[in-house]
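Peer 1: coords please:
(one chain, ligands or ions: 2)
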Amino acid sequence: MESLLNLSLAGGARVRILQITDTHLFAEKHETLLGVNTWDSYQAVLAAIRASQRECDLVVATGDLAQDHSSAAYQHFAEGIAGFAAPCVWLPGNHDFQPAMYSALQDAGISPAKRVYAGDHWQILMLDSQVFGVPHGELSDFQLDWLEQRLTESPERNTLLLLHHHPHPSGCSWLDQHSLRNAGALDRVLMRFPRVKNLLCGHIHQEMDIEWNGRRMMATPSTCVQFKPHCANFTLDTIAPGWRWLELHADGMLTTEVCRLDGAQFRPDTASEGY
Ligand SMILES: Nc1ncnc2c1ncn2[C@@H]1O[C@@H]2COP(=O)(O)O[C@H]2[C@H]1O
Ligand SMILES: [Fe+2]
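Peer 2: Residues are numbered from 1 along each chain as shown. Ligands and ions are numbered 1, 2, ... in the order given. Presented below is the predicted three-dimensional model:
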């Protein structure tokens with residue numbers, strides 16, 4: 001938990017980050033989630049990223065990397081990530097099985113660090129909001145204390161805070177029952193640290209960029225199935241899988257862009273009612 005990744009920046013003062021989220025990989029590469037082969041869509045996303053020839057300093061993976069708790073699924077995730085020169089850090093989502101996740105990713109050379117110092121001006125903190133066995137999230141006292149301590153230690157750094165579950169409603173009521181349950185406790189910690197202006201999530205399989213109590217809260221498309229925004233009941237979207245780029249600037253500004261695959265190769269089975 002205490003390990004720190006110190007990132008020296010190749011591209012000058014700004015930090016270039018690639019976010020990959022909710023890959024939902026299986027032990028078997030032919031397996032599908034709601035009609036989408038998650039290994040194929042992950043591969044297609046990685047190929048599109050490579051084709052864009054965009055450099056990054058860090059890859060962040062924000063949970064639900066595996067769908068079936070298997071070590072093999074995490075090995076597949078690592079196999080994809082190995083194509084990047086930049087280091088990768090990760091946090092768990094509700095579907096992840098942390099013993100397998102931790103050891104398979106560690107064995108593949110992926111750092112378990114939950115704090116990254118990126119250049120002189122920024123830090124990236126990764127929280128664990130998993131409540132094992134249920135889809136909603138919660139930050140334990142341990143996580144909240146850890147966060148407070150890390151923020152107290154580095155008051156001069158701007159902080160990008162990463163967690164799987166969304167602290168602010170997404171507008172999909174069926175998903176919002178699975179949100180971060182104790183968002184108020186997180187808010188109370190963050191109130192004391194005005195340099196935490198940006199939060200980044202996965203989980204909701206759709207793009208979101210809204211204000212949460214004076215901060216910016218972003219969420220990012222999954223590399224596999226997408227959920228349709230503003231739906232009361234479980235509804236899949238036919239929009240393509242995606243990923244997010246972020247740039248953290250020396251003056252504390254953050255710029256970001258969501259990209260998606262071209263074409264309709266990874267349309268899910270829209271008659272599915274859940275998983
Ligand atoms: N029909 C459904 N109604 C409510 N929740 C669902 C349904 N289907 C799946 N879920 C849960 O909602 C979660 C949202 O994204 P996850 O990938 O974390 O995993 C999903 C499931 O745990
Ligand atoms: Fe999730």
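
Peer 1: Which residues of the protein lie near ligand 1?
Peer 2: Proximity of the chain to ligand 1 is confined to 22, 64, 94-95, 135, 174-175, 178, 203, 234, 273-275 under the rule Cβ under 6 Å from any ligand atom. For glycine as for every other residue, the C-beta is placed from the backbone atoms N, C-alpha and C.

Peer 1: ok, residues contacting the lengthiest helix in the chain?
Peer 2: Across the chain, the helix with the greatest residue count (assigned by DSSP state H) is helix 38-52. Surrounding helix 38-52, the residues in contact under the criterion Cβ atoms under 8 Å, 6 or more residues apart in numbering are 18, 20, 23-26, 29-32, 67, 76-77, 80, 83, 223-224, 241-243, 259, 261-262, 265-266.

Peer 1: send the alpha carbons of it over as CSV?
Peer 2: Listed next in CSV are the C-alpha coordinates belonging to helix 38-52 (Å, rounded to 0.1, in the frame of the first residue of the first chain):
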residue,chain,number,x,y,z
THR,A,38,-14.0,-8.5,-24.2
TRP,A,39,-10.6,-9.6,-25.3
ASP,A,40,-11.2,-8.6,-28.9
SER,A,41,-12.6,-5.2,-27.9
TYR,A,42,-9.6,-4.6,-25.5
GLN,A,43,-7.3,-5.5,-28.4
ALA,A,44,-9.1,-3.2,-30.8
VAL,A,45,-8.8,-0.3,-28.2
LEU,A,46,-5.1,-0.9,-27.8
ALA,A,47,-4.6,-1.1,-31.5
ALA,A,48,-6.4,2.2,-32.0
ILE,A,49,-4.3,3.8,-29.3
ARG,A,50,-1.1,2.6,-30.9
ALA,A,51,-2.2,3.8,-34.3
SER,A,52,-2.8,7.3,-32.8
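
Peer 1: Get me the contact residues on the stretch 101-250 of the chain for ligand 2.
Peer 2: Contact residues, the stretch 101-250 of the chain versus ligand 2 (Cβ under 5 Å from the ion): His203.

Peer 1: and the nearest residue to Pro221 once chain neighbours are set aside, how many neighbours?
Peer 2: Taking Cβ to Cβ, 6 or more residues apart in numbering, and ignoring the residues beside it in sequence, Pro221 has Gly242 as its nearest neighbour in space, at 3.4 Å. Gly242 has 22 neighbouring residues, counting by other Cβ atoms under 10 Å.

Peer 1: Was I right to think Gly242 contacts Arg260?
Peer 2: Yes - counting by Cβ atoms under 8 Å, Arg260 is a contact partner of Gly242 at 3.8 Å.

Peer 1: related to what we said a few turns ago, of the contacts of helix 38-52, grab the buried ones for PyMOL.
Peer 2: A single PyMOL command selects the buried members of the contacts of helix 38-52 (16 or more other Cβ atoms under 10 Å):
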select buried, resi 18+20+23+24+25+26+29+32+67+76+77+80+223+224+241+242+243+259+261+266
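
Peer 1: Restricted to helices, list the contacts of helix 38-52.
Peer 2: For the contacts of helix 38-52, membership in helices holds for His76, Phe77, Gly80, with DSSP H as the criterion.

Peer 1: just curious, which of those is nearest to Asn213?
Peer 2: Taking Cβ to Cβ as the measure, Asn213 sits nearest to Phe77 out of these, at 32.7 Å.

Peer 1: Now do the same contact list for the nearest residue to that closest one once chain neighbours are set aside.
Peer 2: If the residues on either side of it in the chain are set aside, Phe77 comes closest to Leu65, at 4.8 Å by Cβ to Cβ, 6+ apart. Taking Cβ under 8 Å, 6+ apart as the contact definition, Leu65 lies against Asp22, Thr23, His24, Leu25, Ala73, Tyr74, Phe77, Trp90, Gly93, Asp96, Met101.

Peer 1: Just give me the neighbour total for His70.
Peer 2: Quick fix: residue 70 is Ser, not His. For Ser70, using other Cβ under 10 Å, the count is 17.
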